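Asker: this one's structure only:
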């Protein structure tokens, strides 16, 4: 077991956001958290990363507290520095850690995400999908054990989002990180995940854990895929 989230609760100014959240994430697996907008998914991800403190409960990685170097974070907006090139953006986290091989490692990761040849481009010269790949590369560059992703494709059009989902799975197959991916898009969760954690309306509780035992690449029109999607929709509608 890689990641254990146990009895996590959180309130803001007396408003209960997370209520006794408990689930486990297998090592090297791809787990999605799904719930309606505003139910606390991002807050939960921030607690797992250490950016936010829970009021109660604990998060353990391989039986110990999660450390900063364990985690890579991919945000909904790419958060690239506009004055830095693609290469320099990817190397940023390594430079902060005083890694003398920062640029070399950044180049290697850009190959993994399919952006070799774009090292000297600035963010304004890249498409939305390419900028998100830079964000993924930046998170991978520090070689995290856990990759946290907060709706990274939400701002993309449907066609680009579907392509990015397929590309992300290719990257995951190469790197085999433990991924915890937040989304409110049901199709996205079923397409990507080994397991889906379905959250209720606020205050969020775990309604159900769904194991997705479909071969990849997944056919979004198959009866099995549609059946899982229907089940999640029913859970979110209750």
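Answerer: Good, I have the coordinates. What you see is a predicted model; the values in this text were computed from it and never measured.
Asker: not counting its own residues, what contacts the longest helix seen in the chain?
Answerer: In the chain, assigned by DSSP state H, the helix with the most residues is helix 158-175. Helix 158-175 has contacts (C-beta atoms under 8 Å, 6 or more residues apart in numbering) with 30, 112-114, 127-129, 132-133, 136, 140, 152-153, 156, 179, 185, 188, 191-192, 216-217. Backbone N, C-alpha and C define where each C-beta goes, glycine included.
Asker: mind checking which of the residues you listed are buried?
Answerer: 30, 112-113, 129, 132-133, 136, 140, 152-153, 156, 179, 185, 188, 191-192 (16 or more other C-beta atoms under 10 Å).
Asker: out of these, list just those in strands.
Answerer: Applying DSSP state E to the buried ones among the contacts of helix 158-175, the entries found in strands are 30, 179.
Asker: so which of the buried ones among the contacts of helix 158-175 are in helices?
Answerer: 112, 129, 132-133, 136, 140, 188, 191-192.
Asker: tell me where the chain has helices.
Answerer: 41-49, 86-96, 102-112, 128-141, 158-175, 186-192, 223-237.
Asker: now do the same for the residue positioned nearest the centre of the chain: its pLDDT.
Answerer: Nearest to the geometric centre of the chain sits residue 149, at 1.8 Å (C-alpha atoms, centre = their mean). Looking at residue 149, its pLDDT is 97.
Asker: ok, it touching residue 178?
Answerer: No. Using C-beta atoms under 8 Å, residue 149 is not in contact with residue 178, being 11.5 Å away.
Asker: just to revisit the earlier point, dig out what the residue nearest to the centre of the chain forms beta bridges with.
Answerer: residue 74, residue 181 (DSSP bridges).
Asker: what comes into contact with stretch 198-205?
Answerer: 15-21, 33-36, 38-41, 44, 206-210, 232, 235-236, 238.
Asker: now do the buried residues in that stretch.
Answerer: Applying 16+ other C-beta under 10 Å to stretch 198-205 flags 198-200, 202-205 as buried.
Asker: for residue 227, state which of the residues you listed is nearest.
Answerer: Distance to residue 227 across those (C-beta to C-beta) is lowest for residue 198, with 14.7 Å.
Asker: measure the closest one to residue 136 for me?
Answerer: As judged by C-beta to C-beta, to the nearest Å, residue 198 and residue 136 stand 25 Å apart.
Asker: ok, residue 123 next?
Answerer: 14 Å.
Asker: thinking again about what came up before, what's the mean pLDDT across the longest helix of the chain?
Answerer: In the prediction, helix 158-175 has an average pLDDT of 93.
Asker: off-centre distance for that helix?
Answerer: 12 Å (C-alpha atoms, centre = their mean, to the nearest Å).
Asker: where are the low-confidence patches of this structure?
Answerer: 1 (pLDDT under 70).
Asker: next, the buried residues of the longest helix of the chain.
Answerer: 160-162, 164-165, 167-169, 171-172, 175.
Asker: can you check stretch 132-148 too?
Answerer: Those would be 132-142, 144-148, for stretch 132-148 by 16+ other C-beta under 10 Å.
Asker: stretch 68-77 now?
Answerer: 70-76.
Asker: again, but for stretch 53-68
Answerer: 54, 57, 59, 61, 66.
Asker: check stretch 8-26 too.
Answerer: 8-10, 17-19, 21, 23-25.
Asker: who's in contact with the residue nearest to residue 93 when sequence neighbours are not counted?
Answerer: Nearest non-adjacent residue to residue 93, counting by C-beta to C-beta, 6 or more residues apart in numbering: residue 142, 4.8 Å away. Counting by C-beta under 8 Å, 6+ apart, residue 142 touches 69, 72, 93-94, 97.
Asker: just to revisit the earlier point, tabulate the helices of the chain in JSON lines, adding columns for distance to residue 118.
Answerer: Below are the helices of the chain laid out as JSON lines (distance: least, C-beta to C-beta, whole Å):
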{"stretch": "helix 41-49", "distance to residue 118": "28"}
{"stretch": "helix 86-96", "distance to residue 118": "5"}
{"stretch": "helix 102-112", "distance to residue 118": "7"}
{"stretch": "helix 128-141", "distance to residue 118": "7"}
{"stretch": "helix 158-175", "distance to residue 118": "14"}
{"stretch": "helix 186-192", "distance to residue 118": "25"}
{"stretch": "helix 223-237", "distance to residue 118": "33"}
